[in-house]
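> Build me a model from this:
(one chain, ligands or ions: 1)
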Amino acid sequence: MATNRFHPFFTNVGSVSSWFEIYAAFSTFMMIFRTATNDLIPLKLRNFIISKLQDFFSDYRPGNEVSLHIDQTWDGKTNNLFYAAKEYLPTKISNNYKSLKVGMISNHNNLLLAIDEKQQVLDEFEGIQVKWMLIQKPGKEVSQSSNNPVKGVYDQGNKQKKSEDNGFVLRFDEKHRNKIMEKYIPHVLSTYEAIRAGNRTLKIHSMRDGNGFWKSSDFNHPASFDSLALHPDLKKSVIDDIDRFLRRKKLYQKVGKPWKRGYLLYGPPGTGKSSLIAAIAKYLKFDVYDLDLGLVYSNLQLMTLMRGTSNRSIIVVEDIDCNKEVLNRSDPGAQVNMAQAYQGAYPGYQGAYPGFEQADRKTFTMSGLLNCMDGLWSSFGDERIFIFTTNHKDKVDSALLRPGRMDMHIHLSFLETKAFKILASNYLDIEEQHHSLIEQVEELLEKVDVTPAVVAEHLLRNEDAKVALDGLIEFLYEILKENQE
Ligand SMILES: Nc1ncnc2c1ncn2[C@@H]1O[C@H](COP(=O)(O)OP(=O)(O)OP(=O)(O)O)[C@@H](O)[C@H]1O
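The predicted model follows:
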């Protein structure tokens, strides 16, 4: 007996008219459905859903998926890309993830989040979808005495360490391979660097009795761009210049220039030169190296010091005009062993000593200083900012001032009215229109030269704004009177 090969639904629909009835019913349903969808779901949301569905179906080609394995270690050495991904991925955690690690540790105010091996993390970069997974590998047994740098836990039982060697797998469609390698991975690394820089305590490094090494301590200077009383246009131009410098890493590489910038801060004492350096360091999250040229006796020692500075740092030389007399000095007691000193600067270096004259080993010269800024020796690192300060710009050697060495000359001068408003607001919590005495102070500031440091000190004398401003006005009148006599 022949069996019916069709589903009962098809066998029960006998006539052509029945098919038309089904078609009519289906069309009516679709019309009602479309009208209801159009009425209930806003156009923007509809377009979004459609674009997401299109992206999903056009990208979903499982056969073409590439997997990159990023292990915690590479040949026994730390794999920086692993740690970069570890910091980067928590920034991509979405609210609907089901499985996450959470933690709270000392010195951190916020709850920490991390992905675990059960949760796939999705990321999107320039329209490309990528997927990340954490892979936890079973611990390898390593000898307790081995010099393995992998972080491990000590296993009391068999006197061996069990290493934890985790990894990430990054998956994406093969057609995006180039973009992932050339753009996405550098993006993960640079995000990691920015996160680290943001979380870290800044350091100030000072010279250790001139032997070519630095000692460091935490840098907690309170000044910031908000607290600085500078004319708003000047403040903006400094911030814009720093931002431009940061954005242009690739341009510097393309044109073959070391990625560094030099600022000369000049003006009378107490106008905020040191405060501006602190504000720039905080803004950039760069460490500060306080280079005291008075302690430098040879170009070789200077180069060793430069080699000891880290990337993303500010090298400060204060009162550069006073250093004229320290240049062209020799260290009479220095028995410089060239090979030894050069090894200190370039560990493992075997070749000649380029850029060094015999005299450079014992003498500190202007050309040595210039060489460190933009000559052969400036290749010691990247992302450096040089800041020189002086009270007398006219006394500074013109060779130091030319663009490329000091790219921006920033004049910090006596307090003017716009900058005073910032001080008044910061010190006394008063805004211009809210205090009758402000106008009087401003009129006096136009007639007398007084530094922000002196005015700040007067504003600190009393918490009562009226008393503090009265005292300041009296002081400014006195100066005016002295000037007129
Ligand atoms: N522009 C400013 N804005 C806010 N506060 C300032 C400013 N200038 C000076 N001050 C105050 O005066 C103090 C001394 O200023 P700072 O040391 O920055 O001046 P300086 O120009 O570096 O002086 P010097 O040339 O003597 O080293 C600061 O701690 C700060 O309180």
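
> Tell me how many other residues crowd whichever residue of the stretch 251-400 of the chain sits closest to the ligand.
Nearest residue of the stretch 251-400 of the chain to the ligand (Cβ to the nearest ligand atom) works out as Gly272 at 2.9 Å. From N, CA and C alone the C-beta is placed, and that goes for glycine too. With neighbours defined by other Cβ atoms under 10 Å, the count for Gly272 comes to 24.

> mind checking pLDDT for it?
Note for Gly272: predicted pLDDT of 95.

> Now do the residue lying closest to Gly308 once chain neighbours are set aside: how many residues are near it, please.
Using Cβ to Cβ, 6 or more residues apart in numbering and skipping residues adjacent in sequence, the residue nearest Gly308 is Trp214, 5.4 Å away. Here the number of neighbours of Trp214 (other Cβ under 10 Å) works out to 18.

> Pretty sure Trp214 sits against Ser206.
Yes. At 6.9 Å, Trp214 counts as touching Ser206 under the criterion of Cβ atoms under 8 Å.

> okay, and the helix or strand of this structure with the least pLDDT?
strand 152-155 (a mean of 35; mean pLDDT, DSSP states H and E).

> For the stretch 51-200 of the chain, which segments are assigned as strands?
65-71, 73-74, 77-78, 100-103, 112-115, 121-125, 128-136, 140-143, 152-155, 160-163, 166-173 (DSSP state E, counting those that start in this stretch).

> how near is the residue nearest to Gly308 to the ligand?
21 Å (Cβ to the nearest ligand atom, to the nearest Å).

> Contact partners for that residue?
Counting by Cβ atoms under 8 Å, 6 or more residues apart in numbering, Trp214 touches 205-208, 289, 305, 308-309.

> circling back: for the strands of the stretch 51-200 of the chain, give me CSV that also has distance to the ligand and mean neighbour count.
Listed next are the strands of the stretch 51-200 of the chain as CSV, based on distance: least, Cβ to the nearest ligand atom, whole Å; neighbours: other Cβ atoms under 10 Å:
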stretch, distance to the ligand, mean neighbour count
strand 65-71, 46, 14
strand 73-74, 46, 14
strand 77-78, 40, 11
strand 100-103, 39, 11
strand 112-115, 36, 16
strand 121-125, 41, 15
strand 128-136, 46, 17
strand 140-143, 53, 13
strand 152-155, 48, 12
strand 160-163, 50, 19
strand 166-173, 46, 18
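
> Least confident of those, on average?
strand 152-155 (a mean of 35).

> Please pick the buried ones from the contacts of Trp214.
Buried members of these, scored by 16 or more other Cβ atoms under 10 Å, are 205, 207, 289, 305, 308-309.

> from these, which two are the most distant?
Using Cβ to Cβ, those span at most 11.2 Å, a distance reached by Met207 and Thr309.

> Near the ligand, which residues of this protein are found?
Contact residues (Cβ under 6 Å from any ligand atom) of the chain with the ligand: 227-230, 269-275, 391, 452-453, 456.

> of all those, which two lie farthest apart?
Ser227 and Asn391, at 22.0 Å, using Cβ to Cβ across these.

> Any chance of CSV for the strands of the stretch 51-200 of the chain, columns distance to Asp240?
Shown next, in CSV, are those (distance: least, Cβ to Cβ, whole Å):
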stretch, distance to Asp240
strand 65-71, 37
strand 73-74, 40
strand 77-78, 37
strand 100-103, 39
strand 112-115, 35
strand 121-125, 28
strand 128-136, 32
strand 140-143, 52
strand 152-155, 48
strand 160-163, 48
strand 166-173, 36
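
> So for Asn47, which of those sits nearest?
Per Cβ to Cβ, nearest to Asn47 of those: strand 121-125, 17.4 Å.

> Let me know the angle separating the closest one from strand 166-173.
For strand 121-125 against strand 166-173, the angle by axes from the mean of the first three to the mean of the last three Cα atoms, to 10 degrees is 50 degrees.

> and strand 121-125, what does it pack onto?
strand 128-136 (3 or more Cβ pairs under 8 Å, 6 or more residues apart in numbering; DSSP states H and E).

> what does the strand it packs on contact?
Contacts of strand 128-136 (Cβ under 8 Å, 6+ apart): 55, 59, 69, 85, 89, 92, 115-117, 119-124, 164, 166-173, 176, 179-180, 184.
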